[in-house]
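Chemist: fold the following for me, if possible:
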Amino acid sequence: MAGSSYLGYRGDDANTDFAEFFDPKMAALPGHIVDALHHGPQADQVLLDFDSAAHLLDDGYHQTENGYGHLRNGGFQVSVRTDMPGVTPQMWDWWFGWHGSDTRRYKLWHPRAHASARWADGNNDGNEDGHYVGRTSLIEEYLGSAYAKAAIRFLPPEQMGLPADRLGDSVAICARLGSSEVPVDIGWFVHQIRPTPDGAEMRSRFWMGGPYVRVRHGNLLANTVVRPVAARQLPDPRDLMVHCAQEMNHLAVFLPALYAKFG
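Modeler: Next comes the predicted model:
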């Protein structure tokens, strides 16, 4: 249950200089996401392997830019592409450092699902310099109808096999995803944002479950015991794809104006 956290703005939540960007009305899902939902689960051979994450930096597109499916190793993979006219990769790099210190900022991103956000290091005064790599964001949100309390530890792209000298004008936001309540990680994700002629596009990839579940600082026995338990706490791949598409498309609409005012 959500406990004391809640969706939307209440009381004096709107008494900020960024509240004008809070809009509970969200656009319909893009057609390519609807098509992927109609297609249903994809074969594992057309999904990007975790060890091949660096292929995101290649030119062109993958066989599956939008879709989800279970992998032979027991995990699952989710892919989402978001078209963002008028947006630059640097705007997203700024956003990931800016939003995490204030729940009201986090709610701008997905007003129908985001409930709470704060930095685990306690620096939540809202005046940080945009630094997020190496920090852990503690969030509460809905994925579909399931309420999640997650810890997102942001990593240097190199740690996921994406060398800095290949990023060019793109930005890669990489993270280890786990629970904020127990010391267990359940997956990885990367959002690669690259320029396009009219703005940018985000290519999101998630790998979760199976071998991607680990006890933090645990041993092999602990991982063997916790993996089947953690599997019952994993999000539904379809819900994860919808959530990602919703939040990225929603924020992309007003991110240029938000960045112009605060970035």
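Chemist: who's in contact with the helix or strand that Met91 is a member of?
Modeler: Taking DSSP states H and E as the definition, Met91 sits inside helix 89-98. With Cβ atoms under 8 Å, 6 or more residues apart in numbering as the test, helix 89-98 has contacts from 105, 128-132, 154, 169-171, 173, 191, 193-195, 200, 202, 251, 255-256, 258-259, 262-263. From N, CA and C alone the C-beta is placed, and that goes for glycine too.
Chemist: try it again with 7 Å
Modeler: Contacts of helix 89-98 from elsewhere in the structure, counted by Cβ atoms under 7 Å, 6 or more residues apart in numbering, are 105, 128, 130-132, 169-171, 173, 193-195, 200, 255-256, 259, 262-263.
Chemist: pLDDT on that helix, on average?
Modeler: On average, the pLDDT along helix 89-98 is 95.
Chemist: after it, next one along is what?
Modeler: helix 103-109.
Chemist: so, low pLDDT: which residues of the protein?
Modeler: Flagging of the chain using pLDDT under 70 yields the residue ranges 1-3, 126-129, 218-225, 227-232.
Chemist: in it, which spans are strands?
Modeler: Under the criterion DSSP state E, the chain carries strands at the ranges 67-70, 75-85, 114-119, 136-143, 146-155, 171-179, 184-196, 199-209, 214-215.
Chemist: tell me what the last one is packed against?
Modeler: The contact analysis (3 or more Cβ pairs under 7 Å, 6 or more residues apart in numbering; DSSP states H and E) places strand 214-215 against helix 220-231.
Chemist: mind listing what's buried along the helix holding Met91?
Modeler: Buried positions in helix 89-98, judged by neighbour count with 16 or more other Cβ atoms under 10 Å: 89, 91-98.
Chemist: can you check stretch 234-251 too?
Modeler: Buried positions in stretch 234-251, judged by neighbour count with 16+ other Cβ under 10 Å: 234-235, 237-251.
Chemist: same check on stretch 5-22?
Modeler: Taking 16+ other Cβ under 10 Å as the neighbour-count basis, stretch 5-22 is seen to contain the buried residues 5, 7, 9, 18, 21-22.
Chemist: that one: how far from the chain's middle?
Modeler: Remark: stretch 5-22 is offset 22 Å from the chain centroid, using Cα atoms, centre = their mean, to the nearest Å.
Chemist: isn't Thr82 right up against Arg203?
Modeler: No - distance between Thr82 and Arg203: 8.0 Å, which falls outside the contact criterion (Cβ atoms under 7 Å).
Chemist: that older thread, pull the CA atoms of the helix holding Met91 into PDB?
Modeler: The C-alpha trace of helix 89-98 is given here as PDB (Å, rounded to 0.1, in the frame of the first residue of the first chain):
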ATOM      1  CA  PRO A  89      19.900  14.700 -24.800                       C
ATOM      2  CA  GLN A  90      21.400  17.300 -22.400                       C
ATOM      3  CA  MET A  91      17.900  18.200 -21.200                       C
ATOM      4  CA  TRP A  92      17.400  14.600 -20.000                       C
ATOM      5  CA  ASP A  93      20.900  14.500 -18.400                       C
ATOM      6  CA  TRP A  94      19.800  17.600 -16.400                       C
ATOM      7  CA  TRP A  95      16.400  16.200 -15.500                       C
ATOM      8  CA  PHE A  96      17.800  13.100 -13.800                       C
ATOM      9  CA  GLY A  97      19.900  15.300 -11.500                       C
ATOM     10  CA  TRP A  98      17.200  17.900 -10.900                       C
END
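Chemist: most widely separated two among the buried residues of stretch 5-22?
Modeler: Of all pairs drawn from these, the one with the largest separation by Cβ to Cβ is Ser5 and Phe21; the distance is 20.3 Å.
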